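Engineer: 3D, please:
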Amino acid sequence: MSKELIIDVIYLLAAILFIVGLKRLQSPVTARGGNRIAAIGMLLAIVATLFLNNILTPVEMIAGLVVGGAIGAIMAKQVKMTAMPELVAAFNGFGGLASALVASAEIIDSGANQNIAAYLSVLIGTVTFSGSLIAFLKLSAKMTGNPIQFFGQYIILSLVIVSMIACIGWAFLGGELILSLGLLSGLALIFGVLIVIPIGGADMPVIVAFLNALSGLAAAATGFVLSNTALIISGALVGASGIMLTNTMCVAMNRKFWQVMIGGFGGDSDEEGSAALVDGRSITSTTADDTAIMLSYARKVIIVPGYGLAVAQAQHQVRELAEVLEARGVEVKYAVHPVAGRMPGHMNVLLAEANVPYDALYEMDEINHEFESTDVALVIGANDVVNPAARHDKSSPIYGMPILNVDQAGTVVFLKRSMRPGYSGIQNLLFFETNTRMLFGDAKDSVSELITEVKAV
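Structural biologist: This is a model prediction of the structure:
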């Protein structure tokens, strides 16, 4: 059997594993196994490429696997769940950078200045890198999460686009190879920064999914440059799934993709919020004692997790509270909004880490009709995804966004540190409804106190 045939067979097997793994990511029950299957597929593709093409010696290859695997294992163990969004953004960026560097090396090595796939890989990969770097800084609070906009921003953006096209055209017409490649890379870095800095915190789940798609497209383009089937297939799968996920996130927020890219929506808020509205309504505070009594004698309780739960690292306490309630005969379910958190699937992974049963997690469309028959809705750290202004306030920036019908529950209890608005920057009208109670404090401490009080009832 020839070396080329062996590589093709391994690549085919790797592609099958990629597809099976991606399919299994559709459900929390099979996601962990799907991730392992896809990882095995990538390992096979890497080994086949390096070993059979004599790129590295077996010793070098094993050393690389050991070092890389050790770094990955340490990161997996040490990175907190609250830091997962920025970690994903960083991975997207380094994936794009790797594609851009490989394509650049191929252009320089071959001296070919008319390979459109190579220049697309450099362009998309570099944009992904700088854009992901800004997303990482925003998500990790190392720079403001507020939209950054300035006069003439879109004029500059348009000039950068025209200049990038001109660089590629110049290279195709026989221009200086290194210079055109350097100019293209520099402009792409600027472009990536310019398209992400206007994005506010409210739209971060969308931009993370979009950057993931770009990293896949860059990899696929590099695959065409290298004539590497496995890279083309894996990149195309990541790109396609990322685009689909981006669309899903936009639908979940009732926003068009172009609206997200224009930016200016949501971000960090330094305001604590007001405890009273213009019409004189005020919030109703509650205590852990009173909330525990309501929960203990309820027939059905729906827990709505949000990013505040992740920040407080309260997922284990929430699971324990649910178990204590279930022991008393209370039906407990979890309602998960598609954009509850700072990246797609954030809440599902967070709750799975605390061993919350998969069958207790319900997506918005599956559970929204059940709030009418729910005695207590316990909202922990969520805000915009339960704001009824999305239904009836046409002047609201979140108008039309599908929300969880929390306000239809008999009693709504919010666990919050303060009255600070969510990522949209607007006040939640549900705070002031007659069936709403506010339990202020750190979510982890509040839930722990609830557990103690429920056991004592």
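Engineer: Pick out the residue nearest the middle of this protein.
Structural biologist: For the chain, M343 is the residue whose C-alpha lies nearest the centre (Cα atoms, centre = their mean; 2.0 Å).
Engineer: Apart from its neighbours in sequence, what residue is nearest that residue?
Structural biologist: With sequence-adjacent residues excluded and distances taken as Cβ to Cβ, 6 or more residues apart in numbering, M343 is closest to P85, at 4.1 Å. No exception for glycine: its C-beta is placed from N, CA and C like everyone else's.
Engineer: Pull the distance from the helix or strand hosting the one you found to the chain's centre.
Structural biologist: Assigned by DSSP states H and E, P85 falls within helix 84-110. Helix 84-110 sits 19 Å away from the centroid of its parent chain (Cα atoms, centre = their mean, to the nearest Å).
Engineer: Just the pLDDT at the residue nearest to L87 when sequence neighbours are not counted, thanks.
Structural biologist: Nearest non-adjacent residue to L87, counting by Cβ to Cβ, 6+ apart: V79, 5.4 Å away. With respect to pLDDT, V79 scores 79.
Engineer: So V79 sits against E86, correct?
Structural biologist: No: the pair V79 and E86 fails to qualify as a contact (Cβ atoms under 8 Å) at a distance of 9.1 Å.
Engineer: As a check, name the ranges of all strands in the protein.
Structural biologist: 300-305, 331-336, 361-363, 376-380, 411-416, 436-440 (DSSP state E).
Engineer: residue boundaries of the helices in the stretch 51-200 of the chain?
Structural biologist: 58-78, 84-110, 116-139, 153-172, 177-196 (DSSP state H, counting those that start in this stretch).
Engineer: Could you identify which of those is most buried?
Structural biologist: Counting by mean count of other Cβ atoms under 10 Å, helix 116-139 has the highest mean neighbour count of the helices of the stretch 51-200 of the chain, with a mean of 25.
Engineer: Check which helices and strands it is in contact with.
Structural biologist: helix 84-110, helix 153-172, helix 177-196, helix 204-226 (3 or more Cβ pairs under 8 Å, 6 or more residues apart in numbering; DSSP states H and E).
Engineer: Surely D384 and N428 touch.
Structural biologist: Yes: at 7.4 Å, D384 counts as touching N428 under the criterion of Cβ under 8 Å.
Engineer: picking up where we left off before, among the helices and strands packed on helix 116-139, which comes closest to E320?
Structural biologist: helix 84-110 (22.2 Å; Cβ to Cβ).
Engineer: and the direction of the closest one versus that of helix 177-196, what angle?
Structural biologist: Angle, helix 84-110 to helix 177-196, by axes from the mean of the first three to the mean of the last three Cα atoms, to 10 degrees: 160 degrees.
Engineer: so how far is stretch 219-232 off the chain centroid?
Structural biologist: The answer for stretch 219-232 is 26 Å, by Cα atoms, centre = their mean.
Engineer: got a list of contacts for it?
Structural biologist: Applying Cβ atoms under 8 Å, 6 or more residues apart in numbering, the contact partners of stretch 219-232 are 8, 11-12, 14-15, 45, 48-49, 95, 99, 102-103, 106, 115, 117-118, 120-121, 124-125, 233-236, 238-239.
Engineer: Can I get that stretch in PDB, CA atoms only?
Structural biologist: Provided in PDB are the C-alpha atoms of stretch 219-232 (Å, rounded to 0.1, in the frame of the first residue of the first chain):
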ATOM      1  CA  ALA A 219      -8.200  26.400   8.400                       C
ATOM      2  CA  ALA A 220     -10.200  25.300   5.300                       C
ATOM      3  CA  ALA A 221      -8.400  27.800   3.100                       C
ATOM      4  CA  THR A 222      -5.000  26.600   4.400                       C
ATOM      5  CA  GLY A 223      -6.100  23.100   3.600                       C
ATOM      6  CA  PHE A 224      -6.600  24.100   0.000                       C
ATOM      7  CA  VAL A 225      -3.100  25.700   0.000                       C
ATOM      8  CA  LEU A 226      -1.500  22.500   1.300                       C
ATOM      9  CA  SER A 227      -3.900  20.100  -0.500                       C
ATOM     10  CA  ASN A 228      -4.700  18.600   2.900                       C
ATOM     11  CA  THR A 229      -8.100  16.800   2.800                       C
ATOM     12  CA  ALA A 230      -8.400  16.500   6.600                       C
ATOM     13  CA  LEU A 231      -7.700  20.200   7.100                       C
ATOM     14  CA  ILE A 232     -10.300  21.200   4.500                       C
END
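Engineer: The residue nearest to L56 when sequence neighbours are not counted: how many residues sit nearby?
Structural biologist: In this structure, L56 finds its nearest non-sequential neighbour in L50, 4.8 Å apart by Cβ to Cβ, 6+ apart. For L50, the neighbour count with other Cβ atoms under 10 Å is 17.
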